[in-house]
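Peer 1: here is a sequence with its predicted model. Questions after.
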Amino acid sequence: QKEVEQNSGPLSVPEGAIASLNCTYSDRGSQSFFWYRQYSGKSPELIMSIYSNGDKEDGRFTAQLNKASQYVSLLIRDSQPSDSATYLCAVKVPQGGSEKLVFGKGTKLTVNP
Amino acid sequence: DGGITQSPKYLFRKEGQNVTLSCEQNLNHDAMYWYRQDPGQGLRLIYYSQIVNDFQKGDIAEGYSVSREKKESFPLTVTSAQKNPTAFYLCASRVLAGGRNEQFFGPGTRLTVL
């Protein structure tokens, strides 16, 4: 069973702080990793993708990937109340001659003003 | 505007009825996907299609059917055989070529069985 694990939270941080979201995955063959943000009642929105070990920065967001440890994380700097949402980690896993995305259950983040 | 549209936004079904959820995209994406999301759960793959007139079962295909007669359209039918259909249904699409792996989601359809 190919799994993606996330802390369900809720994770609560004060405005302006760094929020750290973590994700582990079981399939060592995975090569592509994604973070989605989902506001309550809405559909997921892609915010970051990462394919290589190391860090990838985009504005206030930094994704970190460590394939040896099977670990991917998302850092949100200068957190804002508008960042309050559930963050989904998704991992592309090989499946026969094709591939699919496996999603974690999400971590709910609350940023307090 | 390019994007993925799903309709209706809310759908109510009586037990024993089949219902069809619409998904259309004008992004010229090759692959399309249907997921189901239940409260507190991750997204689960129902069906996917990489080319017209071809589709594959995902992890929870029982009680669902799809068609892909046009590249732009991938409707999902929830049949009466689906025992617990109340959920949030999400359609996604992506480009297959060029090493791009990102999937983008439509706004979703919330189905409730009365």
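Peer 2: Now that the structure is in, tell me what you want to look at.
Peer 1: so which bits of the host helix or strand of A:Leu46 are buried?
Peer 2: Element membership of A:Leu46 [criterion: DSSP states H and E] is strand A:45-50. Applying a neighbour-count criterion of 16 or more other C-beta atoms under 10 Å in any protein chain shown, one finds A:46-50 buried in strand A:45-50. All C-beta spots, glycine's among them, are computed from the backbone N, C-alpha and C.
Peer 1: is that strand in proximity to chain B?
Peer 2: Yes: counting by C-beta under 8 Å from any C-beta of the partner chain, contacts between strand A:45-50 and chain B involve A:45-46, A:49.
Peer 1: tell me where the model's unsure across chain B.
Peer 2: Applying pLDDT under 70 to chain B flags residues B:1-2, B:99-100.
Peer 1: can you pull the residues of it lying near chain A?
Peer 2: Taking C-beta under 8 Å from any C-beta, the part of chain B that reaches chain A is made up of B:40-45, B:48, B:50, B:56, B:58, B:90, B:101-108.
Peer 1: the same query, at a cut-off of 7 Å, please.
Peer 2: Within reach of chain A by C-beta under 7 Å from any C-beta of the partner chain, chain B has these residues: B:40-43, B:45, B:56, B:90, B:101-108.
Peer 1: of these, grab the buried ones for ChimeraX.
Peer 2: Selecting only the buried entries of those in ChimeraX, with 16+ other C-beta under 10 Å as the criterion:
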select /B:42,43,45,90,101,102,103,104,105,106,108
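Peer 1: my read: B:Ala61 touches B:Ile46, true?
Peer 2: Yes: between B:Ala61 and B:Ile46 a contact is recorded at 5.9 Å, counting by C-beta atoms under 7 Å.
Peer 1: tell me which of these two has more neighbours.
Peer 2: Per other C-beta atoms under 10 Å in any protein chain shown, whichever of B:Ala61 and B:Ile46 has more neighbours is B:Ile46, with 26 against 17.
Peer 1: any idea how far that one is from B:Gly58?
Peer 2: Between B:Ile46 and B:Gly58 the computed distance is 5 Å (C-beta to C-beta, to the nearest Å).
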